[in-house]
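# Fold the following and give me the result.
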Amino acid sequence: MTEQLKLKLNDSKATRWGALAIVAFTMMAAYYVNDVVAPLKTMLESDLSWNSSEFGFFTGAYSFLNVFFLMLIWGGLILDRFGIRFTGKLATLLMVGGTAIEYYAMTGLAGDNSLIMGYKTGVFVASAGYSIFGVGAEVAGITVSKIIAKWFKGKEMATAMGVQVALARIGSQAGYAVAIPLARSFNIATPVLVGLVLLLGGTIAFFAFSVMDKKLDKQIAVAHAAGAESDEEKFSFKDVKNILVNPGFWLIALLCVLFYSCVFPFQKFAAELMTSKYGINEDLAGFFAGLPALGALFLTPVFGGYIDKRGKSASIMILGAAMLIGVHFIYAIPAIHYWVVAIVLMIILGVAFSLVPSAMWPAVAKIFPVSQLGTAYALIFFIQNIGLWGIPTLIGKVLDVYCKSEVNGVISYNYTIPMCIFTGIACLSLFVAILLKSADKKYGYKLEEANIKK
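Model prediction:
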């Protein structure tokens, strides 16, 4: 019986990291699909007659169902009530279905000029598919976060979360890098088709992981029956109230929505910024727009390892938010239009993009018990999705109304006002990060302490 207590699947370093690799592949496919359309903004306007407002509507649709129909919150409740295996399978199937609808809209409805709610039918249906995908992707994200908290508790949790984020960024970078070449070599919907195939593979991978997780649950049940301490209590809906009255929840959630609103929506428009302001070739603009994801690939595990061993999560979040302010402020200066500066700023953004997530997500696991983690992550992601819906929609409207010009039939956009908006949001994120560090001292969240206990 002693051997049974010791030799659980997640006690094996190779096995727990292998399990992480499987679910990380699923998220890598999700991140590819999430970002692959972003570099195609100009081609969507020329080939499918979209405009900036429609592109902003499509981009914001990712979060529409999560925000207005509370799908992400329901996903978190399902996760804590029915477990990671059921929820993860449901999420992967939603991602596949949504992407299939998006692909159909960009091919089968490309020439349909009829309108639905004021938007072209193709735009509306593509947005509906992207919104369904968004539900699956966000629920998959909180599920994977809880998987890591479960499999790596008391071990290399921040490193594991950092590695998962890094591998997901491979998907993002691939999406930015291959979107335009694929679209030009075949057709504009081909990058989405590739994503659909990857998601099918990711779905199969998650079903394979579920077999491993079921075995781990059996081992945990044996250990608990033998008198070992249980890691997880049964979820109660009263836990939702306990989460909402926790000051740490609101500070993490606000930091999350403000920080990510300065990154993901910005990246959706970054390729066009690279070409219009800095004169970077369109074939390379998508690659440079994806540099933050490439930076996160290498740096997030490094920062995660540092946090595991040394701590300082709250301080690292402050540093990342401060770097974000500098990046967007310099992008907003009209007189600075050198392509080298644009690339350097994207690299710095990649560093900030690695610092904050590597500290933020493990911090949630310190603030809340395991039984509340799924719902806590879901509520945080829900608030984040408000920004991911609202900010790109706002930026698209601002570009069309205030920043659009046309010379000899060529449309161009001035990104000064949008970058000022991003700078203001980044300043708010720094303020919240400072408040979080203060709350850590007051309430004893232990965010500055190491994750690995000696």
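# What about the closest residue to T15 other than its chain neighbours, how many residues nearby?
Nearest non-adjacent residue to T15, counting by CB to CB, 6 or more residues apart in numbering: L9, 5.0 Å away. In short, each C-beta sits where N, CA and C put it, glycine included. The local packing of L9 (other CB atoms under 10 Å) involves 18 other residues.
# Is E406 in a helix, a strand, or coil?
Secondary structure, DSSP: H, G, I helix; E, B strand; the rest coil: E406 is strand.
# Enumerate the beta-bridge partners assigned to it.
In this entry, E406 is beta-bridged to I411, by DSSP bridges.
# okay, the strand or helix carrying L65 in CSV with CA atoms only?
L65 is located in helix 64-68, with elements delineated by DSSP states H and E. Written as CSV, here are the backbone C-alpha positions of helix 64-68 (Å, rounded to 0.1, in the frame of the first residue of the first chain):
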residue,chain,number,x,y,z
PHE,A,64,-19.1,37.3,-28.0
LEU,A,65,-20.8,34.1,-26.7
ASN,A,66,-18.4,34.0,-23.7
VAL,A,67,-19.3,37.5,-22.7
PHE,A,68,-23.0,37.9,-23.5
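# circling back: wait, the residue nearest to T15 sits on I220?
No. L9 is beyond contact range of I220, at 9.4 Å (criterion: CB atoms under 8 Å).
# buried sites along the helix holding L65?
Using 16 or more other CB atoms under 10 Å as the test for burial, helix 64-68 gives F64, L65, N66, V67.
# I'd like to know which elements it is packed against.
helix 121-151, helix 370-402 (3 or more CB pairs under 8 Å, 6 or more residues apart in numbering; DSSP states H and E).
# right, so the ones you listed: which one is the most enclosed?
helix 121-151 (a mean of 25; mean count of other CB atoms under 10 Å).
# and the angle for that helix with helix 370-402?
For helix 121-151 against helix 370-402, the angle by axes from the mean of the first three to the mean of the last three CA atoms, to 10 degrees is 150 degrees.
# Show me how far the next helix-or-strand element following helix 121-151 is from its chain's centre.
As assigned by DSSP H and E, the chain's next helix or strand after helix 121-151 is helix 157-185. When distances are taken as CA atoms, centre = their mean, to the nearest Å, helix 157-185 is centred 11 Å away from the chain's centroid.
# Now do helix 157-185: which elements does it pack against?
helix 13-35, helix 121-151, helix 190-225, helix 282-289, helix 291-310, helix 339-367.
# ok, back up a step: what residues are up against the residue nearest to T15?
When contacts are counted by CB atoms under 8 Å, 6 or more residues apart in numbering, L9 touches T15, R16, A19, M212, K215, L216, Q219.
# Identify the residues contacting the residue nearest to the fourth one when sequence neighbours are not counted.
Here the nearest residue to M212 in space, its sequence neighbours aside, is A19; by CB to CB, 6+ apart that works out to 5.5 Å. Contact partners of A19, counting by CB under 8 Å, 6+ apart, are L9, N10, I147, W151, F209, M212, D213.
# nearest to I73, of those?
For those, the closest approach to I73 (CB to CB) belongs to I147, at 19.2 Å.
# Does the closest one touch V23 like I think?
Yes. Using CB under 8 Å, I147 is in contact with V23, at 5.8 Å.
# remind me which residues of this structure are low pLDDT?
Low-confidence segments of the chain (pLDDT under 70): 1-6, 226-237, 453-454.
# can you do 80?
Where the chain drops to pLDDT under 80, the residues are 1-7, 111, 154, 223-239, 293-298, 300, 370-371, 374, 409, 451-454.
# Turn the helices and strands packed on helix 64-68 into a markdown table, including distance to A314.
Below are the helices and strands packed on helix 64-68 laid out as a markdown table (distance: least, CB to CB, whole Å):
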| stretch | distance to A314 |
| --- | --- |
| helix 121-151 | 19 |
| helix 370-402 | 16 |
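# All good on my end, thank you.
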